[in-house]
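[1] sequence and predicted structure are below.
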Amino acid sequence: MPGWKTLIILCGTTALASLPPVQAADDAFVTPKTTARFLAQATFGPRPDEISRLAQTSASAWFLDQLQEPPNYLMPFLLEYRQNTPEAEEEVVLLENEAATFGFWRNAIVGRDQLRQRMAFALSELLVVSNSGGGLLTDIPDAVVYYQDLLIEHAFGNYRDLLEAVTYAPAMGHYLTYMGNEKGDLETGRVPDENYAREIMQLFTIGLLELNADGTPRTDTEGQPLETYNNEDVTGLARVFTGLNIDKRYFDGDDVEDADGIAFAVPMVIYPDSHSDRPKQFLGTRIAANTPGKQSIDAALDHLFAHPNVAPFVGRQLIQRFVTSHPTRGYTKRVASTFERGRYTLPDGTRVGTGRRGDLTATLAAILFDHQARNPNGRVTGKVREPILRMTHWARAFRAKQVTPEYSWALWDTSEATALGQHPYRAPSVFNFFRPGYVAPGTLTGSRNLTAPELQIVNASSVPGYANFMTPFIFNEARETDVEELQEEYDEEGLPLNAELALTSFEPNYSREIQLANNSNALLNRLDIILTHGQLSGVTRAQIKRVLAEIPPEDNELRELRVMFAVMMIMTSPDYLVIR
C-alpha cells in the first residue's frame with residue numbers, strides 16, 4: 001500500500017503549558033470540510049446530506065439536538081430475533097446470539113442518536129465486557145445486550161452512576177468473575193475473588209499511577225512515579241464485591257448457565273449470607289465490620305469516584321477515543337476540569353451539564369469543542385481511525401441501502417486481523433483491543449514517546465486484511481451472490497433468512513459520485529469532503545488520478561468502477577486512516 005509508513009507519523013507535538021479554558025467560536029460548521037471533520041469525530045461517520053444541511057449552521061445547536069434524540073437500544077433487536085426463532089431448532093439460536101453485533105451495526109449506521117451511540121462505544125472501550133471467548137456471554141446474549149444498553153442509557157449521564165450500573169451488571173459480574181463471589185472463610189482459607197476489585201481501580205477509575213490534573217504521573221522526591229494502590233488495597237476492596245449474584249427471582253437453580261435470559265437483563269442482587277461482614281480497608285478508607293452489602297458498595301464506589309485521578313484518567317481516554325491519540329497536557333487538564341465541575345459552556349453560550357462532578361455530557365462537550373480539537377493545524381496529534389469506524393463511515397457516506405448485517409457473513413465477526421482486527425464488544429481481554437498508554441516501538445511516534453493506542457492492532461496482517469475486508473463492500477460484490485447456493489447454506493445452518501435479501505445488503509449508493517466520474521478532479525473533490533474532510537494530499541490525488549486514467553468512462557458501468565477505485569484508494573490511504 002503506497003505511503004503506508006506515513007500512517008505512523010501523527011502530526012503535532014506535545015504542548016507542555018497548561019492553558020486556561022477557552023470558549024471557542026461556534027465555527028465547527030463554517031465550511032463543508034470543517035463540518036465533515038467535526039462529524040467524523042463525533043459520529044460514526046458524516047453523511048453527505050448531513051454535511052450539506054449542517055454547513056454554516058451552529059455546531060452547538062447540533063450538539064443540543066443530539067442530546068434530545070431518543071436513544072436506540074439493542075434489546076429490541078434481540079427480542080425481534082428471538083421472536084422469529086423456531087424454538088425446536090437449536091441451530092437457529094446462532095442468529096439470536098449475534099443480536100448484540102447486528103444491533104450495534106444497525107444503530108451505528110442508521111441510528112439518529114449518533115452522538116449517544118458514539119459515546120457508548122467509547123465507554124465500551126474503557127469499561128470492557130466481551131463475549132470473545134464464547135461461553136455464557138454468547139449463549140445468553142441478553143447479558144451483553146443489556147450491558148450495551150446500560151452504556152447507551154448512561155452515555156450522557158454521570159460517571160458515578162455508570163460505575164454503579166456496571167458493577168451490578170450480570171455481564172460484568174460474569175466477565176470479571178465476581179458473580180457469586182463468596183465471603184472469605186478463615187477455616188478453609190477461602191478468600192474473595194479479587195478480579196473486579198483490581199480492574200475497577202486499574203482500568204475503570206484511578207489507574208496504576210497517581211496523576212496530576214493534566215494526566216501526567218505524580219512523582220516522589222526522587223522523581224519516581226507514585227503507585228495508586230497495593231495488594232492490601234485489592235484484598236480489602238475485594239471484600240466489598242462479595243454476595244453479588246443474579247436475581248434468584250428469575251432463576252432458582254445452581255448453574256447460572258442454565259438461567260433464562262431475563263436473569264441477565266436485570267441488575268444483580270446482594271445475598272447477605274455471602275457478603276463479607278469483615279472490615280474493608282483500602283485506599284485510605286475503612287468500611288466498618290457488619291456493614292450491609294449495598295452500603296459497602298455505595299461507600300466503595302463513592303470513595304473510588306472521589307479520587308483526584310478519576311477526572312484526568314477518564315477524561316484523557318475519552319479524548320483518545322474521539323479526537324487524538326496523544327492529548328496534550330493542557331487539553332487533558334481542561335477536560336478534567338470540566339469533569340470536576342460537571343458543566344460546560346458551549347460556543348453559543350448554552351450551558352450543558354448538571355453541575356455534578358462526573359457529568360459525561362459536559363465532559364464530552366469539552367472534548368469536542370476544545371480549541372485544540374477544532375483547530376486541525378494546531379499543536380494536537382491526530383489518531384488512527386479505528387477499523388470499526390472506517391466500516392460505519394463507508395456505509396453512512398454512501399447511504400448503504402439495506403443495513404442488514406445478518407446477511408453479510410463478514411460482519412458476524414470482524415475481530416481477526418484478516419478482517420477489521422476489531423469487533424464491537426468482542427475485545428480479546430478486559431484491556432480492550434489496544435491500551436490507552438500504548439507507545440508503538442520502532443515508529444516516529446514511539447521515538448517521540450507519543451501514545452498511539454490504535455497502532456497496537458496495526459501490523460503486517462491487519463493492513464492488507466482491512467483492504468481485503470472492505471473490497472467486497474466497496475465494489476458491491478453482494479449483487480453477484482448465487483442466491484440458490486446461499487439459500488442452501490442458510491438452510492443447512494438452520495437460519496431463517498431469505499437469501500434474496502443478501503443481494504442488496506449494504507448496497508452502496510454511488511449515484512452522485514457516478515455523475516462526477518468523467519471529471520476526476522470533481523470526483524476527488526467530493527470524496528475529499530465526504531471521506532477526508534479536506535485532508536487528501538496532492539500525492540494521493542496524483543496516485544488515484546493515474547489509476548482512474550486507466551479506466552475510460554465509456555459507459556455507466558465503467559464510471560461506477562472509477563468511483564469504486566477512487567473510494568477504495570482513499571479509504572486505504574494514510575490521508576484517510578489518520579484522522580487529524
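    In hand now; what should we look at?

[2] pLDDT below threshold where in the stretch 1-150 of the chain?
    1-25, 85-93 (pLDDT under 70).

[3] give me that answer again for 90
    Applying pLDDT under 90 to the stretch 1-150 of the chain flags residues 1-27, 80-97, 133-134.

[4] what segments of it are strands?
    Shown for the stretch 1-150 of the chain, no strands are assigned by DSSP state E, counting those that start in this stretch.

[5] with only the CA atoms kept, save stretch 543-551 in CSV.
    Provided in CSV are the C-alpha atoms of stretch 543-551 (Å, rounded to 0.1, in the frame of the first residue of the first chain):
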residue,chain,number,x,y,z
GLN,A,543,-1.8,8.4,-7.5
ILE,A,544,-5.6,8.0,-7.7
LYS,A,545,-5.8,10.0,-10.9
ARG,A,546,-3.2,7.9,-12.6
VAL,A,547,-5.3,4.8,-11.8
LEU,A,548,-8.6,6.4,-12.9
ALA,A,549,-6.9,7.4,-16.2
GLU,A,550,-6.6,3.7,-17.0
ILE,A,551,-10.5,3.2,-16.7
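
[6] what sits up against that stretch?
    Under the criterion Cβ atoms under 8 Å, 6 or more residues apart in numbering, residues 2, 520, 523-524, 558, 561-562, 565-566, 569-570 lie in contact with stretch 543-551. C-beta: built from backbone N, CA, C; applies to glycine.

[7] among those residues, name the buried ones.
    Among the contacts of stretch 543-551, those buried by neighbour count (16 or more other Cβ atoms under 10 Å) are 520, 523-524, 561-562, 565-566, 569-570.

[8] what is the nearest of those residues to V30?
    If you rank the buried ones among the contacts of stretch 543-551 by distance to V30 using Cβ to Cβ, L524 comes first, at 22.0 Å.

[9] got the contact list for the closest one?
    Neighbours of L524 in contact, by Cβ under 8 Å, 6+ apart: 536, 541, 544-545, 566.

[10] what's the most distant pair in the contacts of stretch 543-551?
    Across those (Cβ to Cβ), the longest gap, 23.4 Å, separates P2 and L558.

[11] what's the spacing between the longest helix anywhere in the chain and its chain's center?
    When the chain is parsed with DSSP state H, its longest helix is helix 556-571. Relative to its chain's centre, helix 556-571 lies at 29 Å (Cα atoms, centre = their mean, to the nearest Å).

[12] so what's the backbone phi/psi at L244?
    Main-chain dihedrals, L244, degrees, to the nearest 10: phi -80, psi 130.

[13] for the closest residue to it other than its chain neighbours, give me its contacts.
    Nearest non-adjacent residue to L244, counting by Cβ to Cβ, 6 or more residues apart in numbering: M268, 4.7 Å away. Contacts for M268 (Cβ under 8 Å, 6+ apart) come out as 168-170, 173, 179, 244-247.

[14] same check on T34?
    Residues in contact with T34 (Cβ under 8 Å, 6+ apart) are 27-28, 374, 533.

[15] any chance of these in CSV, plus neighbour count and distance to D252?
    Rendered in CSV, the data for the contacts of T34 read as follows (neighbours: other Cβ atoms under 10 Å; distance: Cβ to Cβ, whole Å):
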residue, neighbour count, distance to D252
D27, 15, 60
A28, 26, 55
R374, 22, 56
H533, 25, 56
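
[16] now render these as CSV, adding distance to V430.
    Converted to CSV, those look like this (distance: Cβ to Cβ, whole Å):
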residue, distance to V430
D27, 40
A28, 35
R374, 33
H533, 34
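
[17] closest to E416 among these?
    H533 (29.6 Å).
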